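S.K.: what shape does this take:
(2 chains)
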Amino acid sequence: MGSLFERDLKIINVGTPFFIEDLALQGVEHVHLAWRPPVGGDASLIEVLDKIAARQDVIAEANDEVLRRIKAVAVKLIGVKRAGDVIPGLDQKTILHAGPPIDWAHMSGPMRGAVVGALLYEGLASSTAGAIALVERGEVGFAPCHDYGAVGPMAGIVSSSMPVHVLYDEGRKSYAYCTINEGLGKVLRYGANGDDVLERLRWIEKEFAPVMDAALAGCGGVDIGAIIAQALHMGDECHNRNKAATGLFLREVMLHVLNTDFPLEQKIGVLQFLNRNDHYFLNLSMPYSKLALQAGHGVKHSTVCTVMARNGVEFGLKISSSDKWFVGPANFVEGLFFPGFTNEDAARDIGDSSITETMGLGGFAMGSAPAIVRFVGGSVQDALNYSMSMHEICHGENSSFTIPTLDFRPTALGIDAVKVVESGILPIINTGIAHKEPGIGQVGAGLVTPPMQCFIDALKDYASALTDS
Amino acid sequence: MPTIMKILRNEYYDSVTLMSLTAELKSQSGAEQVVVLMGTDMNKDMLKDLGFDMVELQDVSAHDCVIGVSGEKCDVVLLNHIVHKLQHSSKLALGGKRRVASTIKGVLSDFDATIAVISTPGQYAAREAEMALRHGLHVMIFSDNVPVADEKRLKQMARAHGLLLMGPDCGTAIINGVGLCFANSVRKGTIGLVAASGTGLQEVSVLIHKYGGGVSQAIGVGGRDLSVEIGGIMMLEGIRALAEDASTKVIVLVSKPPAREVQCEVLDLLSRIEKPVVICFLDGESPSELPSGKRFVTTLEAAAYEALGLAGMRTVLVDETDTGSQAEITAVMRQLHPSQRFIRGLYCGGTLCAEAVSLARSSVGPIFSNVSKRKEEKLLNPLTSQGHCFVDLGDDIFTEGKPHPMIDPSIRLARIVEEARDPETAVLLLDFVLGYGSHPDPVGVAMPTIRLAQQVAKLNGGHLAIVGYICGTALDKQDYNAQHEKLRSLGVITARSNANAVQIACQIALGGG
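M.R.: Next up is the predicted model:
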């Protein structure tokens, strides 16, 4: 206490702002908290929080370990392979999808369209009706990408013949997978399944994949983390804006593509495809994030979120210490619509791409991407505020990724479910809006948050496990 | 009656802000009812009783702010005006900062705070306090309604960490010269205070200042600290801290008489402390054995006086203007009607009221008060005076849904007129508490009402004697001299201390009638 009398007073004011006027009058340094009753004053939940708080030292240590593991990964893109050949357990009759588990009967329009497309592409059906019949006979298995070390944007459909990016973490000798981004417009991930879509998928399989795989072999793999770090300094947040990262990736592989033994025309086609698709890199920032977070998954006592994903109906998340999905109804994205589309056209929030936010990119790094704030509706200050406020719900930060406009402050990392529930601040996700009908594609972009209930359920489950142990 | 309502989703405002705004709007808007509150279940029930539409309120939660107006003059323009005021007030309060953290943990990442001042609703205060203590912060809890069990746990925790937990429910402290919550601006000096009463601490510090002394530290430990349940944990910690503090030469304790076993512990600790100590147990009895070098007093004025003596200061009143002259008092006494016999003390400061009770009892005989613990003195209905009466207007019965009278002294106004109407009222005794946290112009608020009260008494064929005490210093933000001048302009007799004000009031009551 002696030290209190010798130090300058610096005051946190919690509650009424009534007193701060007089603190200012006295010239005392102070911060007025934007306080509100925790968890809406729900007494049973406050009890859960208090129970968890009693173990906070153990939890903090566990969460430290999660972050240490996440930050220790050294991720390289090492190849483009056929999904069925590299993803363990993925057979010809299994289809992977975005988000938490869901069955055919409950799937949203875009996901159903993409499933039909995948069955046509695989040659398991020759018509939409045939594909649906096949599914309804129960001959097709569905599983979340996340359960197979994979991630997929929007509908996130992965079937065995599709080529996937193979990312490898040298340290933990583990892998993550993601399909090749098809571009915008009528594409499978938005539920389109017409001939043009299937044709493009086949071109990716037959023409693109072999060249890219060979190029990657030629250059010994591409360091994806390094590209993300640079892209954050070039106006990307690596979820909704990937222009810079895609350009950097193109620079990395261009000569190696040209150095492969394929016909020049085919190689030019590959480079053109990359060059025309601003979102190519999304399908690399996603598996990068997945691989890193996978490293942090499975740490006992941790409350850090390692998965956030949406299947178009439900939002689901996992925390490191549990393999359970905690789900709640997916929200609608709030943002701006392309000309000719309105709220009425929007599907619910969908896709595994929120893995980037889980990794501290996307909405968390929006301060890096002032160019997209107009696109999602908002001001540059909003973007900076989003990035700053995410620190409040994260266990730590990631010094590998910094935000120039925030004086190179590292991005927030390790969403702590406890902090989310305590503060009432939800992770902010920067995302595209799909049309609710299959095949129409993207109709806008904006911001969305997970339902708070997922975090509450995760904490309740966590607290009940505390009693048991 | 027509009603309209607006719901601000997910916008939280604290109760002081809402109550102050509601009070202001009611007087200005001309609407029958103006309610601005958070959508808690309790508040929703209240809105229902007031005739607001329950369907609209169905999915409103405690995170939503509800604005409702009723009456012939209610319209959307008024609603929007309220929304603007509300949102504008909070922006100003945030000091123009772009973004502010919402948890203590969140703030600490880039602000190395030393102390947390907590004024949330009582049921949440303990959580926030615990969070603050865990992060090594000293804590001042201003909130009331904190459960005793929580207070005990938090104080034990604070003691274990070598931290101070001040309050709850006595929001007064001066730490390193900084006034927290309600506190006066006083000279820095060598007298350290530990007090379990808010205005008690304020009065002693003000008197020390007025008599030329100064305060090293003033620690408010909360009104319940010296109860059996809490065991004086923070009083003891505070004494130890001041005993070790090099700039503190004299220690003053201020409290209601503590529980017996707590008193023993306090005295035991004091016997091991070399510094001189003044023990002020207001309205208490001197312990049979006092440790050597320790003085015992029962009034705040005596506490200040003794402390100054022990600090080696000659106790000469620095500001003579406060002393009501004998001639003035005598003149007033002559004007009283024979029926005018009683003192009516209307207090904003609870401990000032308690000191008045203690002094008046021995001077004018039977008295009544809502702060007295004695059965025969208990004021049966605090809303109506009887005999010599001393009312603490900070009592819950007066403050339900309203700010404390030190923040908003207007809740005293109607009562002033009521007392003036009573033909038995001889002297009105009023306190005006200045300092941080208090109303910017407490005398100004009361002026029109005081004039009215004087006229009322005159119409009844009497004269209303008014004695006023301003608990404040020339350094306080309210401009002490201007406040004093205002009282004098109304013919109010001003006193140098609360005890002095009580003496004058007693003299008038005894001499008149």
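
S.K.: buried sites along stretch A:44-53?
M.R.: By 16 or more other CB atoms under 10 Å in any protein chain shown, the buried positions in stretch A:44-53 come out as A:45, A:46, A:48, A:49, A:52. Glycine gets a C-beta too; all of them are placed from N, C-alpha and C.

S.K.: per-residue pLDDT of the residue in the stretch 151-300 of chain A that chain B sits nearest to, please?
M.R.: Here the stretch 151-300 of chain A gets closest to chain B at one residue, residue A:237, 18.3 Å apart by CB to the nearest CB. Looking at residue A:237, its pLDDT reads 97.

S.K.: residue B:98 now?
M.R.: 45.

S.K.: next: the one 3 residues further on.
M.R.: Reported pLDDT at residue B:101 in the predicted model: 78.

S.K.: just to revisit the earlier point, turn the buried residues of stretch A:44-53 into a markdown table, columns for pLDDT, distance to residue A:319 and secondary structure.
M.R.: Conversion of the buried residues of stretch A:44-53 to a markdown table gives the following (pLDDT from 0 to 100; distance: CB to CB, whole Å; DSSP: H, G, I helix; E, B strand; the rest coil):
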| residue | pLDDT | distance to residue A:319 | secondary structure |
| --- | --- | --- | --- |
| A:45 | 87 | 16 | helix |
| A:46 | 84 | 20 | helix |
| A:48 | 90 | 14 | helix |
| A:49 | 88 | 15 | helix |
| A:52 | 91 | 12 | helix |
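
S.K.: from those, which are also near chain B?
M.R.: Among the buried residues of stretch A:44-53, the ones lying near chain B by CB under 8 Å from any CB of the partner chain are residue A:46.

S.K.: now, which of the buried residues of stretch A:44-53 sits nearest chain B?
M.R.: Among the buried residues of stretch A:44-53, and counting by CB to the nearest CB, the member closest to chain B is residue A:46, at 6.9 Å.

S.K.: distance of the residue lying closest to that closest one once chain neighbours are set aside from residue B:7?
M.R.: Closest residue in space to residue A:46, ignoring its immediate chain neighbours: residue A:38 at 6.0 Å, by CB to CB, 6 or more residues apart in numbering or on different chains. Plainly put, residue A:38 is 21 Å away from residue B:7 if you go by CB to CB, to the nearest Å.

S.K.: looking at the two, which is more packed in?
M.R.: Taking other CB atoms under 10 Å in any protein chain shown, residue A:38 and residue B:7 do not tie; residue A:38 has more neighbours (22 against 15).

S.K.: I figured that one hits residue A:49, correct?
M.R.: Yes. Counting by CB atoms under 8 Å, residue A:38 does reach residue A:49; the two are 6.7 Å apart.

S.K.: okay, and the common contacts of those two?
M.R.: Residues within reach of residue A:38 and of residue A:49 at once, by CB atoms under 8 Å, 6 or more residues apart in numbering or on different chains, are A:421, A:422.

S.K.: can you give me the neighbour number for residue 370?
M.R.: Let's take chain A. Neighbours of residue A:370 (other CB under 10 Å): 18.

S.K.: try chain B instead
M.R.: Residues near residue B:370, counting by other CB under 10 Å: 25.

S.K.: equivalent analysis for the one 4 residues further on, please.
M.R.: Residues lying near residue B:374 (other CB under 10 Å) number 11.

S.K.: same question for residue B:48.
M.R.: Using other CB under 10 Å, residue B:48 has 12 other residues around it.

S.K.: contacting residues around it?
M.R.: B:54, B:57.

S.K.: how near is it to residue B:68?
M.R.: On the measure of CB to CB, residue B:48 and residue B:68 end up 11 Å apart.

S.K.: kindly report the same for residue B:187.
M.R.: Distance from residue B:187 to residue B:68, by CB to CB: 48 Å.

S.K.: more neighbours, those two?
M.R.: Comparing residue B:187 with residue B:68 by other CB under 10 Å, the one with more neighbours is residue B:68, at 26 against 16.

S.K.: quick one: secondary structure of the more buried one?
M.R.: At residue B:68 the chain is in strand, as set by DSSP: H, G, I helix; E, B strand; the rest coil.

S.K.: for it, which residues are in contact?
M.R.: Residue B:68 makes contact with B:3, B:4, B:5, B:6, B:33, B:34, B:35, B:36, B:47, B:50, B:52 under the criterion CB under 8 Å, 6+ apart.

S.K.: let's go with 6 Å and repeat that
M.R.: Residue B:68 is in contact with B:5, B:35, B:52, counting by CB atoms under 6 Å, 6 or more residues apart in numbering or on different chains.

S.K.: what's the answer for residue A:115, then?
M.R.: Contacts of residue A:115 (CB under 6 Å, 6+ apart): residue A:95.

S.K.: what residues does chain B have near chain A?
M.R.: B:12, B:14, B:16, B:61-63, B:93, B:99-103, B:106-107, B:111, B:113-120, B:124, B:128, B:138, B:162, B:176, B:178, B:181, B:241, B:244-245, B:436 (CB under 6 Å from any CB of the partner chain).

S.K.: which of these are buried?
M.R.: Buried among those by 16+ other CB under 10 Å: B:12, B:14, B:16, B:62-63, B:93, B:101-103, B:106-107, B:113-120, B:124, B:128, B:138, B:176, B:178, B:181, B:241, B:245, B:436.

S.K.: and chain A, what are its domain boundaries?
M.R.: If you go by automatic domain parsing, the domain ranges for chain A are A:1-35, A:61-69+A:297-468, A:75-285.

S.K.: show me where the stretch 301-450 of chain B has helices.
M.R.: Along the stretch 301-450 of chain B, counting by DSSP state H, counting those that start in this stretch, helices occupy B:326-335, B:350-364, B:396-399, B:413-421, B:442-459.

S.K.: going by neighbour count, which residues in the third one are buried?
M.R.: In other words, helix B:396-399. Result for helix B:396-399 [16+ other CB under 10 Å]: buried residues B:398, B:399.

S.K.: now that helix, how far from the chain's geometric center?
M.R.: 13 Å (CA atoms, centre = their mean, to the nearest Å).

S.K.: now do it: everything it contacts.
M.R.: B:382, B:411.

S.K.: so for that helix, what's the average pLDDT?
M.R.: The model assigns helix B:396-399 a mean pLDDT of 86.

S.K.: ok, now the second one?
M.R.: Across helix B:350-364, pLDDT averages out at 95.

S.K.: quick one: average confidence on stretch B:271-287?
M.R.: The model assigns stretch B:271-287 a mean pLDDT of 93.

S.K.: no no, stretch B:71-87
M.R.: Mean predicted confidence for stretch B:71-87 is 79.

S.K.: buried ones in it?
M.R.: B:74, B:78, B:79, B:82, B:83, B:86.

S.K.: elements contacting the helix or strand of chain A with the lowest mean pLDDT?
M.R.: When the helices and strands of chain A are scored by mean pLDDT, DSSP states H and E, helix A:373-376 comes last with a mean of 74. If contacts are counted by 3 or more CB pairs under 6 Å, 6 or more residues apart in numbering or on different chains; DSSP states H and E, helix A:373-376 sits against strand A:442-448.

S.K.: who are the packing partners of the helix or strand following the strand it packs on?
M.R.: The C-terminal neighbour of strand A:442-448 among helices and strands, as given by DSSP states H and E, is helix A:452-468. Here helix A:452-468 touches helix A:43-53, strand A:326-329, helix A:417-423, going by 3+ CB pairs under 6 Å, 6+ apart.

S.K.: need these in JSON lines (columns: distance to residue A:145).
M.R.: Listed next are these as JSON lines, based on distance: least, CB to CB, whole Å:
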{"stretch": "helix A:43-53", "distance to residue A:145": "30"}
{"stretch": "strand A:326-329", "distance to residue A:145": "15"}
{"stretch": "helix A:417-423", "distance to residue A:145": "22"}
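
S.K.: weakest of these in terms of mean pLDDT?
M.R.: helix A:43-53 (a mean of 86).

S.K.: any idea how far that one is from the chain center?
M.R.: Per CA atoms, centre = their mean, the centroid offset for helix A:43-53 relative to its chain is 29 Å.
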